[in-house]
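Engineer: Need the 3D shape of this:
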Amino acid sequence: MSSTLFIRKTPKPTKNEIAFKQPIKGIIAGRYYDHDGSLGGGKITVGPEDLPWFEGVLAARPRSADAKDWRDFERVVEMLRDGESIDMWFEV
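Structural biologist: Residues are numbered from 1 along each chain as shown. Okay, here's the model as predicted:
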């Protein structure tokens, strides 16, 4: 069974979730959920104070991430740069 990591800007409810596959979901899951991205996880809200970590992932750019996931991750980093917080959760 596979899971998907979702992220959206908070606190405004929206249907504009961004979905990630490996390796991005695994990188985030390792930091915030203590697993490799193959399990689930409840909603976590992350604010601009975590921007340096997200920018580090952006700088490291995993070569195995597909182009769409990478563009979407850049959007997430921009949300944090703009001072927004994001919600993250897993769905199976």
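
Engineer: neighbouring contacts of the biggest helix by length in the chain?
Structural biologist: Assignment by DSSP state H gives helix 67-81 as the longest helix of the chain. Residues outside helix 67-81 that contact it (C-beta atoms under 8 Å, 6 or more residues apart in numbering) are 7, 9, 18-21, 24, 46-48, 50-51, 54-55, 57-58, 61, 65, 86. The way it works is simple: take the backbone N, C-alpha and C, and place the C-beta from them, glycine included.

Engineer: In the least confident helix or strand in the chain by mean pLDDT, which residues are buried?
Structural biologist: Every helix and strand of the chain was ranked by mean pLDDT, DSSP states H and E. The lowest is strand 4-10, at a mean of 85. For strand 4-10, the neighbour count (16 or more other C-beta atoms under 10 Å) marks 5, 6, 7, 8, 9, 10 as buried.

Engineer: on that earlier part again, buried residues, the longest helix of the chain. List them.
Structural biologist: For helix 67-81, by 16+ other C-beta under 10 Å, it's 69, 70, 72, 73, 76, 79, 80.

Engineer: Need those in CSV (columns: pLDDT).
Structural biologist: Listed next are the buried residues of helix 67-81 as CSV, based on pLDDT from 0 to 100:
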residue, pLDDT
69, 92
70, 92
72, 95
73, 95
76, 96
79, 95
80, 97
